[in-house]
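Undergrad: here you go, sequence then predicted model.
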Amino acid sequence: MSSDQSNAGPVLIELDGDQPAVQDAPIVPDDALPTPTGQTMQQVVTLGARRPSALARWFWGLLLSVIAAVVSVSAWNFLQSLLAQYPLVGLGFAVLSAGLLLVSAIIVIRELLAFGRLRRVDALHRAADAAVADENLEAARKVARDLMGLYANRPETAWGRERLSEGLNDTFDAAAVFDLAEKELMASLDAAASKEVEQAARQVATVTALVPLALADVVTALVANIRMIRRIAEVYAGRSGTLGSWRLTRAVMAHLVATGAVAVGDDLLGSVAGGSVLGKISRRFGEGMVNGALTARVGIAAMEVCRPLAFTKQTRPSVSQLVKRALAGVFGSS
């Protein structure tokens, strides 16, 4: 290439006729824009609700049993051999093994206690529903007293328990008893659980919108939802345990699938309508908002499952309000 060609400036090509201006370009109709589907949360809910087949459960149960038997026999033979050859080393290994068994037993006991707490909350929920249905005042007062006993060791509920105890004898209707319990005792717990839902929705929405890596949003959403359900259970029932958390997660996800609450409908799109401009600019932002809203739905379902009293129309959290508070700092307020 010659030096004259390499130093040549830009070439201007003039076209014949009038050219359309940018402002005169036709507007793209909203129907032509891709609608967010919340694919990430759809996959997460499907994975959480999926129950292994009976054959798979038998396979994993037998496999774990065989592994436990082999490990136990091998450890026992190793310990006997070690004691015979090196008594002091064998004694140290025996102490370590005893410590491992003791810690394992403590973990099992804690898991059983956690299951007991979850069963207690479930029993309170059923008893409250029955008392309202039968309009049984004494049964309602008994549920309220059991509820105060459930949270007797929670310092943050001391003031609410005192107010509930003072007003319990002044109520003469089963529904009024539970209205008082919700106002004085459950309101602070509901606020704490709602904050957990907002945090999880914010995290899922942010990762979906900003991280383009394959499966990263699915893994993040799954972990965030499991942690959210576990923390909600801790708010209402104390420590839920690892196995209890998995049980709650599967119950919540199965409930969402059965009721179709995870589907993206007009009501859900309305919950994120305030961020529709960002959704039109970027599909990733639109998916992030919808996934955040679906996470809020999962959180509300978890609150309904873990809460010892059923929500009334006045106290049930709104998906729209939770989403607005959760995403206000991420996508801007509406």
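TA: Cool, got the structure. Numbering: from 1, shown residues only.
Undergrad: check which helices and strands the helix or strand in which residue 159 is found sits against.
TA: Assigned by DSSP states H and E, residue 159 belongs to helix 158-168. Counting contacts by 3 or more Cβ pairs under 8 Å, 6 or more residues apart in numbering; DSSP states H and E, helix 158-168 is packed against helix 137-150, helix 174-181. Every residue, glycine included, has its C-beta placed from N, CA and C.
Undergrad: just put these in TSV and tack on mean neighbour count.
TA: TSV is the format used below for the helices and strands packed on helix 158-168 (neighbours: other Cβ atoms under 10 Å):
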stretch	mean neighbour count
helix 137-150	18
helix 174-181	20
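Undergrad: quick one: closest of those helices to residue 90.
TA: Between residue 90 and the helices and strands packed on helix 158-168, the tightest spacing by Cβ to Cβ is seen for helix 137-150, at 48.1 Å.
Undergrad: residues making contact with the closest one?
TA: 120-121, 124, 127-128, 130-132, 161, 164-165, 168, 171-175, 177-178, 180-181, 185, 237, 308-309 (Cβ atoms under 8 Å, 6 or more residues apart in numbering).
Undergrad: go with 7 Å
TA: Contact with helix 137-150 is made by 120, 124, 127-128, 130-131, 161, 164-165, 168, 172-174, 177-178, 181, 185, 308, as judged by Cβ atoms under 7 Å, 6 or more residues apart in numbering.
Undergrad: mind listing what's buried in stretch 147-166?
TA: Buried residues in stretch 147-166, counting neighbours by 16 or more other Cβ atoms under 10 Å, are found at 147, 148, 150, 151, 157, 160, 161, 164.
Undergrad: about what we covered before: could you dump the helices and strands packed on helix 158-168 to a markdown table with mean pLDDT and distance to residue 79?
TA: Shown next, in a markdown table, are those (pLDDT from 0 to 100; distance: least, Cβ to Cβ, whole Å):
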| stretch | mean pLDDT | distance to residue 79 |
| --- | --- | --- |
| helix 137-150 | 89 | 45 |
| helix 174-181 | 86 | 55 |
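Undergrad: list just the one of those that sits closest to residue 253.
TA: Residue 253 sits nearest to helix 137-150 of all these, at 25.7 Å, using Cβ to Cβ.
Undergrad: where does the prediction get shaky in the stretch 151-300 of the chain?
TA: Filtered on pLDDT under 70, the stretch 151-300 of the chain yields the residue ranges 212, 214, 240-241, 244, 254-284.
Undergrad: specify which member of the buried residues of stretch 147-166 is nearest to residue 64.
TA: residue 150 (34.3 Å).
Undergrad: tell me the contacts of the closest residue to residue 303 other than its chain neighbours?
TA: Leaving aside its sequence neighbours, residue 303 sits nearest to residue 193 (Cβ to Cβ, 6 or more residues apart in numbering; 5.2 Å). Applying Cβ under 7 Å, 6+ apart to residue 193 gives the contacts 232, 235, 236, 303.
Undergrad: what strand or helix carries residue 193?
TA: Element membership for residue 193 (DSSP H and E) is helix 187-210.
Undergrad: what average pLDDT does whichever helix in the chain runs longest get?
TA: Longest helix in the chain by number of residues (criterion: DSSP state H): helix 87-134. For helix 87-134, the mean pLDDT works out to 87.
Undergrad: tell me the angle of that helix relative to helix 174-181?
TA: Using axes from the mean of the first three to the mean of the last three Cα atoms, to 10 degrees, the direction of helix 87-134 lies 130 degrees away from that of helix 174-181.
Undergrad: quick one, helix 87-134 and helix 137-150 angle?
TA: Counting by the same axes, to 10 degrees, helix 87-134 lies at 150 degrees to helix 137-150.
Undergrad: coming back round to it: most widely separated two among the contacts of residue 193?
TA: Pairwise distances across the contacts of residue 193 (Cβ to Cβ) peak at 8.6 Å, for the pair 235 and 303.
Undergrad: helix, strand or coil: sort out residue 227 for me.
TA: helix (DSSP: H, G, I helix; E, B strand; the rest coil).
Undergrad: how close does the closest residue to it other than its chain neighbours get to residue 236?
TA: In space, and not counting its chain neighbours, residue 227 is closest to residue 200: 7.1 Å by Cβ to Cβ, 6+ apart. From residue 200 over to residue 236 the distance is 16 Å, taken as Cβ to Cβ, to the nearest Å.
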